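**Q** okay, sequence plus prediction incoming.
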Number of protein chains: 2
Amino acid sequence: MTSIRPRPATITDIARQAGVSTATVSYVLNDAPAGARIPEETRARVRAAADDLGYVPHASARSLRTGTRDLVLYVHFDVAHGPLASEFLYGLARALRDLGYTLMQYGAEKNRGVKAARAWAALRPAAVVAGDDRLTAAGVELLTKAGIRVIGLGSDPVLAKGTGLSTLVMDHHAIGLAAGRHLTGRGYRDLAVVLPTDPPLRVMGEGRLSGVREAAAEAGAAVRVHDMDYSPAAAAEIVAAWRAEGLPRGVFGYNDEFSGLLLGALLDAGVRVPDEVGLIGADDLMLCTMLRPALTSVRLQSESPQEIARRITEAITEGAEVHLSPWTPHPVPRQT
Amino acid sequence: MTSIRPRPATITDIARQAGVSTATVSYVLNDAPAGARIPEETRARVRAAADDLGYVPHASARSLRTGTRDLVLYVHFDVAHGPLASEFLYGLARALRDLGYTLMQYGAEKNRGVKAARAWAALRPAAVVAGDDRLTAAGVELLTKAGIRVIGLGSDPVLAKGTGLSTLVMDHHAIGLAAGRHLTGRGYRDLAVVLPTDPPLRVMGEGRLSGVREAAAEAGAAVRVHDMDYSPAAAAEIVAAWRAEGLPRGVFGYNDEFSGLLLGALLDAGVRVPDEVGLIGADDLMLCTMLRPALTSVRLQSESPQEIARRITEAITEGAEVHLSPWTPHPVPRQT
DNA sequence: GTAACTAGCTTAAACGAATAACCGCGCCTG
DNA sequence: CAGGCGCGGTTATTCGTTTAAGCTAGTTAC
């Protein structure tokens, strides 16, 4: 097999075909002011050759020469694949593109800290957005020293202040507070909260729990806490425990999916929802409208992606630390 | 603000600090055979300098020089955000990395055809995996001419044969066949199938429908078809129509999420599931175990990501057309 | 005494693109 | 007729890296 591996056309190829120098080609193709004196006839010849050869500029050769970085790396955590995260990412990508940046998702590496940071830095992005579970101080320092802005997803803005690390967080306390107030607002004084065992989720769960605790304190309600992994069996176990020790009146199930599992287990145990136990999730997934009774949830309304993208580019161009928390929670009451 | 924008260290910086030439640095850092005669003492000096400066090689400068492409672009379709797609992608990324490639997701562009192809080609990937809704013949040709392999997600392998386009498809007919046989196997002879209105989903839905039709033909069953968009209202409308014209005995709801909506609407209408209407979804999401009655579903078992990655690299290195269909459907019976 | 060899490097040329600086020619002006 | 200038480009350098080819001082062989 002597298949000639096709080579992408370069400006040199165009120059040869159009009978000009590569400089001329570059000036024409970029409409560069320095090459303003090139007559239309030559321009046309160059453009025809480029078209004919199917020329596409070599992005990294260009950025090597100009020293510009337009890549923003998004290292998603394992949990970031719901419709909520997906839509956020999509909007952000579009907004960043409109500002001249290219957002790429890069999620293969399980490794974290300096090792991961080196892999990211090799790509010379302008910024990297990464889950805080991937970041270590040494890793952040390596990136920062290389002129790469780091935006920690879920990192604590208070801790980050002054370290050069920017943050993009969901205010989990506020989510828990909204959920808790919804429950206490219904008159429930005996609350239960589910805390996922999966480590990245657990951190968020603890933030949400503290919000529920605040709401409970306001209303003089009690709060029970239950570890749960994401499985029907775990949900059944918790419900069994409730049967034994007495049902809670209001439950915050961490999010819609954990709440969905709990709801199934409650119904299996013959518990009447919401007459005996009220339930609220979070994320307001379509799932809520599939369940019967339909699940009450805390919706997270995001700021406009344009605004978030603008702030991120601010961090890039001005080297500023930005701290974003673009989601506002509000409860969506349904049947539970 | 005279913040000196930090510049990543280069081999030139290391060379200066270690008092050697850049060639030596390169030889040492790459353990190159050509530089085998460099004594340990010099090596140590170079490595110390590299460490000290926090050196990370510039991936695109390197690949510019060596002419190697190790990037695989994955242009996800809008629908690719379920746990199924997520897990597949994750495994693929890891497997490709182990083979020396870097998988990146690049999903911002709504545009398709030649315009999108140009954007992808600018990044000089070794291959691009893209939804067939993003591909046009002209776009594929542009990429192929630039030596970039194209793998169409969901493209028809029969049509692609000989065009140079590789394919990675889900066998929707087989999914529909499995679902249909499950329903006819329960003795149902009056079937209904839901067809999403969203264009990318619709194409898959049609494939699944043809599978159900085959199963129905085998058993002498009738098949009704209903358009549905992904909303509770659309589900309620279909159920209302069924009430009017007579309930189907067995329903294939396209996937778990559409089936979940249907289930909710059926229960709202007082229909007993599965006594009056049997229901099966597809994807076997955790959602199935949250619903009551728990949703029967068609699970898609994927081949090992290593094998898929190997085939993809085969397409890259040998320029071969590969046609993959790594998912096998089998029904998971639950309560519906 | 010199050719041959080795150790330990360095020099220089690429890769694809951008761009500052220059160059030859024709024409006009003083 | 020298000098200047506009036109239509070209030359050369650079970005960070790799790598083939060379170079020098010292050692060994004959």
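**A** Looks like it arrived, so ask away. Residues are numbered from 1 along each chain as shown, chains lettered A, B, ... in the order given.

**Q** now residue A:316, nearest residue through space, not along the chain?
**A** Using Cβ to Cβ, 6 or more residues apart in numbering or on different chains and skipping the chain neighbours, the partner closest in space to residue A:316 is residue A:126 (4.8 Å). The way it works is simple: take the backbone N, C-alpha and C, and place the C-beta from them, glycine included.

**Q** can you read off the pLDDT for the one you found?
**A** At residue A:126 the predicted local confidence, pLDDT, stands at 97.

**Q** got the contact list for it?
**A** With contacts taken as Cβ atoms under 8 Å, 6 or more residues apart in numbering or on different chains, residue A:126 has the following neighbours: A:69-72, A:101, A:148-149, A:316.

**Q** which one of those residues is nearest DNA strand C?
**A** Compare each of these with DNA strand C using Cβ to the nearest atom of the strand and the shortest gap goes to residue A:70, at 12.3 Å.

**Q** quick check: which element contains residue A:300?
**A** strand A:296-302 (DSSP states H and E).

**Q** for that strand, what is the distance to the chain centroid?
**A** Here strand A:296-302 is found 16 Å from its chain centre; the criterion is Cα atoms, centre = their mean, to the nearest Å.

**Q** helices or strands up against that strand?
**A** Helices and strands touching strand A:296-302, by 3 or more Cβ pairs under 8 Å, 6 or more residues apart in numbering or on different chains; DSSP states H and E, are helix A:83-98, helix A:172-185, strand A:278-282, strand A:327-332.

**Q** mind listing what that strand pairs with, with the direction of each?
**A** strand A:278-282 (parallel), strand A:327-332 (antiparallel) (DSSP bridges).

**Q** out of those, which one sits most buried?
**A** Burial of the strands paired with strand A:296-302 is given as mean neighbour count (mean count of other Cβ atoms under 10 Å in any protein chain shown); strand A:278-282 ranks first at a mean of 27.

**Q** following element in sequence after the helix or strand bottoming out on mean pLDDT in chain A, please.
**A** Lowest mean confidence among the helices and strands of chain A (mean pLDDT, DSSP states H and E): helix A:83-98, at a mean of 88. From helix A:83-98 onward toward the C-terminus, using DSSP H and E, the following helix or strand is strand A:102-105.

**Q** where does that next one sit relative to the chain's centre, distance-wise?
**A** The gap between the average C-alpha position of strand A:102-105 and the chain average comes to 12 Å, counting by Cα atoms, centre = their mean.

**Q** for the following helix or strand past that strand, buried residues please.
**A** Counting by DSSP H and E, the element after strand A:102-105 in chain order, helix or strand, is helix A:113-121. Under the neighbour-count criterion of 16 or more other Cβ atoms under 10 Å in any protein chain shown, helix A:113-121 has A:114, A:116-121 buried.

**Q** with just CA atoms, put helix A:113-121 into PDB.
**A** Provided in PDB are the C-alpha atoms of helix A:113-121 (Å, rounded to 0.1, in the frame of the first residue of the first chain):
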ATOM      1  CA  GLY A 113      -1.900  17.900  41.100                       C
ATOM      2  CA  VAL A 114       1.400  18.600  39.500                       C
ATOM      3  CA  LYS A 115       1.300  15.700  37.100                       C
ATOM      4  CA  ALA A 116      -2.100  16.900  35.600                       C
ATOM      5  CA  ALA A 117      -0.900  20.500  35.600                       C
ATOM      6  CA  ARG A 118       2.100  19.500  33.500                       C
ATOM      7  CA  ALA A 119      -0.200  17.800  31.000                       C
ATOM      8  CA  TRP A 120      -2.400  20.900  30.800                       C
ATOM      9  CA  ALA A 121       0.600  23.300  30.600                       C
END
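
**Q** got a list of contacts for it?
**A** Here helix A:113-121 has contacts from A:73, A:75, A:106, A:109, A:111, A:128, A:130, A:134-136, A:138-140, A:142-143, A:146, A:148, B:8, B:56, using Cβ under 8 Å, 6+ apart.

**Q** which residues touch the residue nearest to residue A:175 when sequence neighbours are not counted?
**A** For residue A:175, the nearest residue in space outside its immediate sequence neighbours is residue A:329; the separation is 4.6 Å by Cβ to Cβ, 6+ apart. Neighbouring residues of residue A:329 by Cβ under 8 Å, 6+ apart: A:171, A:174-175, A:177-179, A:282, A:298-301.

**Q** and for residue A:230?
**A** The contact partners of residue A:230, taken as Cβ under 8 Å, 6+ apart, are A:196, A:198, A:257-258, A:261, B:286.

**Q** re earlier: for residue B:86, which of the helices and strands packed on strand A:296-302 is the nearest?
**A** Comparing these by their distance to residue B:86 (Cβ to Cβ), the top pick is helix A:83-98, with 9.4 Å.

**Q** quick one: the closest one to helix B:113-121, angle?
**A** Using axes from the mean of the first three to the mean of the last three Cα atoms, to 10 degrees, one finds that helix A:83-98 and helix B:113-121 are set 90 degrees apart in direction.

**Q** which strands and helices sit next to helix A:83-98?
**A** Under the contact definition 3+ Cβ pairs under 8 Å, 6+ apart, helix A:83-98 sits against strand A:71-75, strand A:102-105, strand A:296-302, helix A:305-318.

**Q** please repeat the previous calculation with a cut-off of 6 Å.
**A** Where contact means 3 or more Cβ pairs under 6 Å, 6 or more residues apart in numbering or on different chains; DSSP states H and E, helix A:83-98 is packed against helix A:305-318.

**Q** where does the stretch 51-200 of chain A come near DNA strand D, residue by residue?
**A** A:61, A:64-65, A:67 (Cβ under 7 Å from any atom of the strand).

**Q** nearest to residue A:26 among these?
**A** If you rank those by distance to residue A:26 using Cβ to Cβ, residue A:65 comes first, at 9.8 Å.

**Q** helix or strand: which one has that closest one?
**A** Using DSSP H and E, residue A:65 sits within helix A:59-66.

**Q** just want the angle from the helix or strand containing residue A:144 to helix A:113-121.
**A** Under the criterion DSSP H and E, the helix or strand holding residue A:144 is helix A:137-145. Taking the same axes, to 10 degrees, one finds helix A:137-145 and helix A:113-121 inclined to each other by 30 degrees.

**Q** tell me the gap between helix A:137-145 and the middle of its chain.
**A** Distance, centroid of helix A:137-145 to centroid of chain: 21 Å (Cα atoms, centre = their mean).

**Q** the host helix or strand of residue A:241 near chain B anywhere?
**A** Take DSSP H and E as the rule and residue A:241 turns out to sit in helix A:232-245. Yes. In terms of Cβ under 6 Å from any Cβ of the partner chain, part of helix A:232-245 sits within range of chain B, namely residue A:232.

**Q** that concludes my questions; thank you for your assistance.
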